[in-house]
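Q: Quick one, fold the following:
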Amino acid sequence: MIVPTSRLLIFYAVAIPLLTVLPVLERAAATPAFATGLTLILVGLLDAALSSFCLRNIRIDLPAMVRMTRDRESSIELNITNSDMQARALRLGLILPREISSPRKTFSPSYRRALNTYVF
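A: Purely as a prediction, here's the structure:
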């Protein structure tokens, strides 16, 4: 899942309440507020397009099957390939069933090589 940048989320948190209250307070401000809201939607779509473009050289390989035993600690090995070797901020999380608990729900890997192996 592509997650918006933190700056965009903060900007939306400030702008959206103002854009919804402004037309109520001043009727003439309805059209500019609507146009600004549409512009914000376009900015969000552009952010999503750019974020998927930035991640095109990153590949994550998971094992085809993972065997786990109840009440025993186990792990999942992830292979992350970063072919362009540029530093990227990446946060990964696995959606696990309720029966499987993990001490950490997400982690942020650091890249030092083109191929990195992590145990989750």
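
Q: Only C-alpha atoms from now on, for both contacts and neighbour counts.
A: Fine.

Q: any idea which helix or strand carries residue 31?
A: Element membership for residue 31 (DSSP states H and E) is helix 30-54.

Q: What mean pLDDT does the following helix or strand past that helix get?
A: Using DSSP H and E, the next helix or strand after helix 30-54 towards the C-terminus is strand 58-61. The pLDDT scores in strand 58-61 average 82.

Q: Contacts for strand 58-61, please.
A: Here strand 58-61 makes contact (C-alpha atoms under 8 Å, 6 or more residues apart in numbering) with 78, 79, 80, 81, 82, 83.

Q: what distance separates that strand from the middle of the whole chain?
A: 15 Å (C-alpha atoms, centre = their mean, to the nearest Å).

Q: Alpha carbons only: can I get the helix or strand that it is followed by in CSV?
A: Following strand 58-61 in sequence order, the next helix or strand is strand 77-82 (DSSP H and E). The C-alpha coordinates for strand 77-82 follow below in CSV (Å, rounded to 0.1, in the frame of the first residue of the first chain):
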residue,chain,number,x,y,z
GLU,A,77,13.1,-13.9,6.0
LEU,A,78,12.7,-10.9,3.6
ASN,A,79,15.1,-10.2,0.8
ILE,A,80,15.0,-6.6,-0.3
THR,A,81,16.7,-5.7,-3.6
ASN,A,82,17.5,-2.0,-4.2
